[in-house]
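**Student:** need a 3D model of the following:
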Amino acid sequence: MQSQRTAISLNDLRIGFILPVPIHSGSEQNSTLLLNRGMQLTEEAVANLRARGIGQVYVSSHFAAALKKPTDRKVASITVDADRLRAQVVSAAFRPRADISHNEVEKQTLAIQAINERAHDLLSVSSIRPNIEGAQEIVQAELKILKASCDLFLSLGLSTTVDSEADRLHGLRVGRLAMGMALADGRADDEIHQIGLGCLLMDIGLSDEARKLRQVPRRLTRLEMLEIEKHPSKTFDILSKEGQISPIARFLAYQVHERCDGSGYPRSRKATGISDGALTAMVAESFVAMISPRPHRTAISPTNAIRQLFQMSNCHKLDPKRVESLVSVVSALPVGTRVKLSNGLSGVVKISRARDPLHPVIEIDTSPDSENLCLLSTSDVKITEVLSSAPTSP
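**Tutor:** Take a look at the predicted model:
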């Protein structure tokens with residue numbers, strides 16, 4: 001469910017704040033995205049909004065109080081109320097951050113490495129009787145870190161390499177992203193936990209032969225793919241014998257490779273026959289698979305991966321709302337991204353549009369007047385290359 005938005009005057013915005021949610025031009029869901037979540041609200045950013053004739057912006061009502069300048073005698077109460085609201089809505093995953101220190105990055109890196117090792121050991125054991133308690137502990141540890149710093153955790157936790165260990169941990173990485181998507185959607189902690197658990201265990205039904213096939217440095221034949229496509233049913237049978245596994249996790253693991261148009265496996269189910277958790281997980285799994293190198297291909301960039309997800313959504317293979325959820329935690333072309341255009345010019349993304357994030361407003365950096373080019377209305381001009389990512393907040 002989309003949250004309601006509250007209008008805030010530019011004069012009342014809290015300068016220096018790291019945005020916990022996006023800022024839009026209006027209260028409607030299809031209004032223009034002005035500044036994305038994670039951007040710092042600087043004097044320059046506010047001045048640019050004023051220069052475009054914008055006097056007020058709209059943000060999620062849950063975060064409106066936190067984004068306003070505190071008054072002299074109500075700072076403490078506003079801070080407490082904002083923290084309480086964030087805990088209720090998204091469990092503090094998007095709380096404002098003034099900076100991310102090197103120590104914090106190192107701490108999270110070590111924590112993720114430790115979780116990776118635990119997950120590898122757990123998933124390397126025979127799948128006849130999985131260690132459900134160990135899996136529950138891994139997911140709980142990940143959810144705790146995710147709620148503390150979603151952006152940093154996903155940035156560090158989705159990286160991978162080409163080897164059998166990376167393949168073994170594919171479900172772990174899918175779960176991280178799927179939980180981040182569910183967290184951004186305001187899902188309850190227990191549901192998020194079950195989504196992560198289903199993703200973590202989604203490949204336990206893979207046979208040794210199927211695992212070897214996934215390491216072959218070429219495209220698989222149809223006969224070889226049939227061997228791999230057996231594993232969701234085997235996984236479901238294994239998890240059905242475990243009383244600690246909820247239907248959310250069990251059906252997610254069973255249906256994560258289905259597609260909304262019926263082109264997936266194992267049962268070729270369409271959207272109405274696919275569980276809610278699997279609809280989220282299939283988008284996360286597709287993205288993680290695309291950005292991960294494989295023995296037969298190199299990884300593709302997150303930008304191109306998101307472009308493909310939108311194409312799959314337009315072809316009714318993926319749920320559009322879940323693709324939007326992914327974009328809310330993994331930005332395709334965030335404000336500040338430098339791009340090259342098909343007309344030979346280059347520029348910087350100035351405005352991303354919520355309903356069409358791959359066609360933003362570009363500020364041409366070769367123009368002395370900082371000409372803006374809207375790719376929505378200029379169909380002949382396309383983005384051909386991402387030159388550099390958006391700058392991160394200091």
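
**Student:** walk me through the domains of this protein.
**Tutor:** Per automatic domain parsing, the structural domains of the chain span 5-90, 102-329, 338-388.

**Student:** JSON lines for these, including mean neighbour count and mean pLDDT?
**Tutor:** Yep, even glycine has a C-beta here, placed from its N, CA and C like the rest. Listed next are the domains of the chain as JSON lines, based on neighbours: other Cβ atoms under 10 Å; pLDDT from 0 to 100:
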{"stretch": "domain 5-90", "mean neighbour count": "16", "mean pLDDT": "70"}
{"stretch": "domain 102-329", "mean neighbour count": "19", "mean pLDDT": "89"}
{"stretch": "domain 338-388", "mean neighbour count": "15", "mean pLDDT": "69"}
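
**Student:** which residues outside stretch 271-278 are in contact with it?
**Tutor:** 178, 191, 194-195, 198, 247-249, 251-252, 254-256, 258, 260-261, 267, 279, 282, 316, 319 (Cβ atoms under 8 Å, 6 or more residues apart in numbering).

**Student:** what's the pLDDT at Val335?
**Tutor:** Among the per-residue scores, Val335 holds a pLDDT of 61.

**Student:** how long is stretch 181-195 end to end?
**Tutor:** 10 Å (Cα to Cα, to the nearest Å).

**Student:** how far is it from where the chain is centred?
**Tutor:** Distance of stretch 181-195 from the chain centroid (Cα atoms, centre = their mean, to the nearest Å) equals 13 Å.

**Student:** one more: stretch 233-245?
**Tutor:** Taking the mean of its C-alpha atoms, stretch 233-245 sits 27 Å from the chain's own mean (Cα atoms, centre = their mean).

**Student:** just the residues contacting that stretch, thanks.
**Tutor:** In contact with stretch 233-245 (Cβ under 8 Å, 6+ apart) are residues 127-128, 130, 132-133, 136, 197, 201-207, 249-251, 253-254, 266.

**Student:** surely Ala289 forms part of a helix?
**Tutor:** Yes: the assignment for Ala289 by DSSP: H, G, I helix; E, B strand; the rest coil puts it in a helix.

**Student:** for Leu67, see how far away the closest residue in space to it that isn't next to it in sequence is.
**Tutor:** Once flanking residues are discounted, Ala289 sits nearest to His170: 7.5 Å by Cβ to Cβ, 6 or more residues apart in numbering. Per Cβ to Cβ, to the nearest Å, His170 is found 38 Å from Leu67.

**Student:** isn't the residue nearest to Ala289 right next to Ser292, touching?
**Tutor:** Yes: between His170 and Ser292 there is a contact under Cβ atoms under 8 Å: 7.3 Å.
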